[in-house]
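A.B. asks: structure here, sequence nowhere to be found:
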């Protein structure tokens, strides 16, 4: 069984298409599957959209992405776990490629990312970011991470001491357990973070985050504002 775990906080706008894409991709695999939406104290119709979209809803009160992913994974039942963000679209070839990697002995992995819709500056950034982050860095994007349940349990899930960059530490932990792959197919994620920040604001946030080091990633504040906006 494949468990698709979707962390969600006020995601009524994006969640429906994400769930539809998961259903379509999962059906292409021919494997049994489930979708678990970990609803992290949403104040909108996220839970209703999840139920209408054929997902099982797990209510959590964490307001932290690592803890929300962990809660969803621990409520799921599959031996293979796919973490998909609520604004991210998967597809059949992508999921099949990830499954083939897991079936051949990989413990986990991720995929390169396309952002859509995206301004020209964002597209140019991804041209550089994809080969560096996924190719050389061999780190999964938070919007799409997959692993075996055995590997998830062996590393203790996502490190809940972090409010951001948790996928980096999770990827590194999985690599210590065995083969970690970045598949060739792309996942498509929304450009919504760019809707509320200018390029200058984004650069400044990352400068402050770098100056604060890991401590800045372990609390809500300027270093994590990019990932925890007040509004969707």
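C.D. replies: Now that the structure is in, tell me what you want to look at. None of these values were measured; they are calculated from a predicted model.

A.B. asks: quick one: contacts for the residue nearest in space to the middle of the chain?
C.D. replies: Nearest to the mean C-alpha position of the chain, by C-alpha atoms, centre = their mean, lies residue 143 at 2.5 Å. Residue 143 is in contact with 84-85, 87-88, 113, 187, 189, counting by C-beta atoms under 8 Å, 6 or more residues apart in numbering. C-beta coordinates here come from the backbone N, C-alpha and C atoms, glycine included.

A.B. asks: and what of residue 155?
C.D. replies: 170, 173-174, 176-177.

A.B. asks: 10 Å instead, please
C.D. replies: 107-108, 147, 169-177 (C-beta atoms under 10 Å, 6 or more residues apart in numbering).

A.B. asks: the residue nearest to the centre of the chain and residue 97, how far apart?
C.D. replies: Using C-beta to C-beta, to the nearest Å, residue 143 is found at 16 Å from residue 97.

A.B. asks: repeat for residue 3
C.D. replies: Distance from residue 3 to residue 97, by C-beta to C-beta: 18 Å.

A.B. asks: which one's more surrounded, those two?
C.D. replies: residue 3 (21 against 16; other C-beta atoms under 10 Å).

A.B. asks: in the protein, where's the longest strand?
C.D. replies: Taking DSSP state E as the criterion, the chain has its longest strand at strand 180-189.

A.B. asks: that one: how far from the chain's middle?
C.D. replies: Averaged C-alpha coordinates place strand 180-189 at 12 Å from its chain's average position (C-alpha atoms, centre = their mean, to the nearest Å).

A.B. asks: tell me the contacts of residue 99?
C.D. replies: Residue 99 neighbours (C-beta under 10 Å, 6+ apart): 2, 29, 31, 80, 82, 106, 146, 183.

A.B. asks: who wins on neighbours among these?
C.D. replies: Using other C-beta under 10 Å as the neighbour test, these are led by residue 146, with 31 neighbours.
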